[in-house]
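A.B. asks: have a look at this fold, sequence not included:
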């Protein structure tokens, strides 16, 4: 390759091209800029709620424990009919039957047979939410292990929150740059830091203290009315704009 005289020109061209690429990047990254954070949050009214129910019965007689468990399930069906909730809105987990002892190794003291099952009830008419919870506990359920409010408008409102965050960042950058006698130019970098959620947990009265979720949303005092929480959909953008005259 050296004999034909082509090696060194090609190598020199490659070095020049690589150097130009580095120079261009350094010039781009060294542009004077201003970095701001744009934030936007939209609060949505939920259109459905999932209620996770646990039913557990114990008895030294296995069949009595099973009967007590089944009686609660029949009462739950009655509660659903009362509030006009379709059977398709109930998802039932597998039945669990197990003997328990005070010590699982020595098995000296028999505690009884435990018959348990979990189920998820999806409610779309939130106007009956509070009454439904009260009736579920009256039916004999053991606990409510989860309550999550949901919305079908998530994607649409998430895009809207992003748009609002962009406008907020653009307005802030322009205002700050203007105070210094400049203006914000084209964006150099954009990073989204957080997003909202399609579901929001719930915390209510003391008699649902077994719930594993808690919510910072607005709830009245311990003995007041329960309010379904709003679902926050947020966007936080960190944007760097070029500063120009």
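C.D. replies: Received the coordinates, thanks. Remember, predicted model here, so these are calculated numbers, not experimental data.
A.B. asks: what stretches of the chain score poorly on pLDDT?
C.D. replies: 1-31, 194-229 (pLDDT under 70).
A.B. asks: one more time with 80, if that's ok
C.D. replies: Along the chain, the model assigns pLDDT under 80 to residues 1-31, 103-108, 194-230.
A.B. asks: can you pull out the strands in it?
C.D. replies: Assigned by DSSP state E, the strands in the chain fall at 33-44, 48-59, 90-92, 96-101, 110-123, 143-150, 183-195, 199-201, 231-244.
A.B. asks: can I get those strands in JSON lines with distance to residue 77 and mean neighbour count?
C.D. replies: C-betas here are computed from N, CA, C, even on glycine. Shown next, in JSON lines, are the strands of the chain (distance: least, C-beta to C-beta, whole Å; neighbours: other C-beta atoms under 10 Å):
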{"stretch": "strand 33-44", "distance to residue 77": "31", "mean neighbour count": "17"}
{"stretch": "strand 48-59", "distance to residue 77": "12", "mean neighbour count": "19"}
{"stretch": "strand 90-92", "distance to residue 77": "8", "mean neighbour count": "14"}
{"stretch": "strand 96-101", "distance to residue 77": "20", "mean neighbour count": "12"}
{"stretch": "strand 110-123", "distance to residue 77": "11", "mean neighbour count": "17"}
{"stretch": "strand 143-150", "distance to residue 77": "17", "mean neighbour count": "20"}
{"stretch": "strand 183-195", "distance to residue 77": "39", "mean neighbour count": "14"}
{"stretch": "strand 199-201", "distance to residue 77": "26", "mean neighbour count": "20"}
{"stretch": "strand 231-244", "distance to residue 77": "30", "mean neighbour count": "20"}
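A.B. asks: gap between stretch 65-85 and the chain center?
C.D. replies: Mean-position distance between stretch 65-85 and its chain equals 30 Å (C-alpha atoms, centre = their mean, to the nearest Å).
A.B. asks: re earlier: may I see the strands of the chain organised as TSV, with distance to residue 173 added?
C.D. replies: As requested, those are arranged in TSV below (distance: least, C-beta to C-beta, whole Å):
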stretch	distance to residue 173
strand 33-44	5
strand 48-59	39
strand 90-92	49
strand 96-101	58
strand 110-123	44
strand 143-150	35
strand 183-195	4
strand 199-201	32
strand 231-244	5
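A.B. asks: and the longest helix for this protein?
C.D. replies: What stands out as the longest helix in the chain, according to DSSP state H, is helix 154-179.
A.B. asks: can you give me the angle it makes with strand 183-195?
C.D. replies: 150 degrees (axes from the mean of the first three to the mean of the last three C-alpha atoms, to 10 degrees).
A.B. asks: same for helix 154-179, what does it pack against?
C.D. replies: Here helix 154-179 touches strand 33-44, strand 183-195, strand 231-244, going by 3 or more C-beta pairs under 8 Å, 6 or more residues apart in numbering; DSSP states H and E.
A.B. asks: in that helix, what's buried?
C.D. replies: 154, 157-158, 161-162, 164-166, 168-170, 172-174, 177 (16 or more other C-beta atoms under 10 Å).
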